[in-house]
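Asks: Okay, sequence plus prediction incoming.
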Amino acid sequence: MTRVVRFHELGGPEVLQIETIDMPAPGPGEIRIRVKALGLNRAEAMVRSGSYIMQPDLPSGLGFEAAGIIDAVGRDVAGFAPGDAVSVIPPQSMTDWPAYGELATFPASLVVRHPPALNWEEAAAVWMQYVTAYGALIDIAGLRKDEFVVITAASSSVGLAAIQIANMVGAIPIAVTRTGAKRQALLQAGAAHVVASAEEDLGSRLPEIAGPDGVRVVFDPVGGPAFEPLTAAMARGGILLEYGALSAEPTPFPLGTVLGKSLTLRGYLIHEITADPERLEAAKAFVLKGLASGALRPVIARIFPFEQIVEAHRFLESNEQFGKIVVTV
């Protein structure tokens, strides 16, 4: 028997319940982990509330990321053994392999021995943010030294990961955040420039920073009206990678700008990296290299105990966090 978090109806954080269930043995190609820490992600709140791109079968588990000690391995698993300290790259479905629990089972292909320099909380905060940012900026956009990149929702864990990755390859990160409250923290986190979109005119500030050549790469999880000033500031042949839909407002399609500049507006999800073994191995190597050198280091916003999972989700939805929210088990 083990404790897990489940929800029996869609709704706010209060629908999350800690329940005791029988945890089956891992199947072929699977690894069961005794969880030490969980990393929280915005997608989990969206699944819980019914606003995500997939709908859960109720009652449902939840959670993409965990770090802990291998408890058991299934058939056909090589290279791992009980007692190994590992962390998990997010699976395609958090409802098929939910992470919120004292025990959790994952595909062995997504389990990684994390660097010994990381503690449990940091290890649980690694893979969603860094693989998401790597896949967009490096794998797809080919971000290069000395070029500007605009990173919106910059104080999120993925936004901070993108800032670190941009610096790692010598690019120039422009962080976009709603207000100036997090400006200094973003500069300290490695942003070369910070634009507060609710207080400054995005359409004029970005050209002031990037100059007449514009910005080749934009990394955005928001959508909404900002598409127009973002694309207006882009370079000819630039690419905007959209990995979320946080804005409640409609997202315009700036047809004239897209045509005039030959822009690419591209939807992107981490799963296109994690579902391709070759691209996933390249992502792992990049992230592990950055962690080993210190160029990449997870920023932890706040740590909650497992018993306060409802409070952790309330904080997740407050938008007050700077970095990753972690739950210890």
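Replies: Cool, the structure landed. Just so we're clear, the structure is a prediction, and the values are computed from it rather than from any experiment. Numbering: from 1, shown residues only.

Asks: Mind listing what's buried along stretch 286-305?
Replies: 286-288, 290-291, 296-302, 304 (16 or more other CB atoms under 10 Å). To be clear about C-beta, it is placed using only N, CA and C from the backbone, and glycine gets the same treatment.

Asks: Would you map the strands across the stretch 151-300 of the chain?
Replies: Secondary structure of the stretch 151-300 of the chain (DSSP state E, counting those that start in this stretch): strands located at 172-177, 193-196, 215-220, 234-242, 264-267, 300-305.

Asks: Can you say which of those strands is nearest to residue 39?
Replies: Residue 39 sits nearest to strand 300-305 of all these, at 9.3 Å, using CB to CB.

Asks: what about the closest one, average pLDDT?
Replies: For strand 300-305, mean pLDDT rounds to 95.

Asks: tell me how far stretch 225-240 is from the chain's mean position?
Replies: 22 Å (CA atoms, centre = their mean, to the nearest Å).

Asks: Could you number the chain from 676 rather than 1 from now on?
Replies: Sounds good: first residue 676 from here, last item stretch 900-915.

Asks: Checking residue 797 next. Helix, strand or coil?
Replies: What DSSP: H, G, I helix; E, B strand; the rest coil gives for residue 797 is helix.

Asks: between the strands of the stretch 826-975 of the chain, which one is nearest to residue 688?
Replies: Short answer: strand 975-980, nearest of the strands of the stretch 826-975 of the chain by CB to CB, at 11.6 Å.

Asks: Please name the strands paired to the closest one in the sheet, noting orientation.
Replies: Strand 975-980 sits in its sheet next to strand 999-1003 (parallel), going by DSSP bridges.

Asks: Most widely separated two among the buried residues of stretch 961-980?
Replies: Largest pairwise distance in the buried residues of stretch 961-980, by CB to CB, is 29.7 Å, between 961 and 979.

Asks: From the chain's centroid, how far away is whichever helix in the chain runs longest?
Replies: Ordering each helix of the chain by length in residues (DSSP state H) puts helix 952-968 first. Centroid displacement of helix 952-968 relative to its chain, using CA atoms, centre = their mean, is 15 Å.

Asks: Could you say which helix or strand holds the residue nearest the centre of the chain?
Replies: In the chain, the residue lying closest to the centroid (CA atoms, centre = their mean) is residue 804, at 3.4 Å. Assigned by DSSP states H and E, residue 804 belongs to helix 802-809.

Asks: Which strands and helices lie in contact with that helix?
Replies: helix 832-843, helix 946-949, helix 952-968 (3 or more CB pairs under 8 Å, 6 or more residues apart in numbering; DSSP states H and E).

Asks: Just the C-alphas of the shortest one, formatted as PDB.
Replies: Put plainly, it is helix 946-949. What follows is the C-alpha trace of helix 946-949 in PDB, where atoms were taken according to Å, rounded to 0.1, in the frame of the first residue of the first chain:
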ATOM      1  CA  HIS A 946       6.900  15.300 -26.300                       C
ATOM      2  CA  GLU A 947       8.300  15.700 -29.800                       C
ATOM      3  CA  ILE A 948      11.700  15.500 -28.200                       C
ATOM      4  CA  THR A 949      11.000  12.800 -25.600                       C
END
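
Asks: so where's the stretch 826-975 of the chain uncertain?
Replies: Of all residues in the stretch 826-975 of the chain, none has pLDDT under 70.

Asks: Same question for the stretch 676-825 of the chain.
Replies: Looking at the stretch 676-825 of the chain by pLDDT under 70, you get an empty list.
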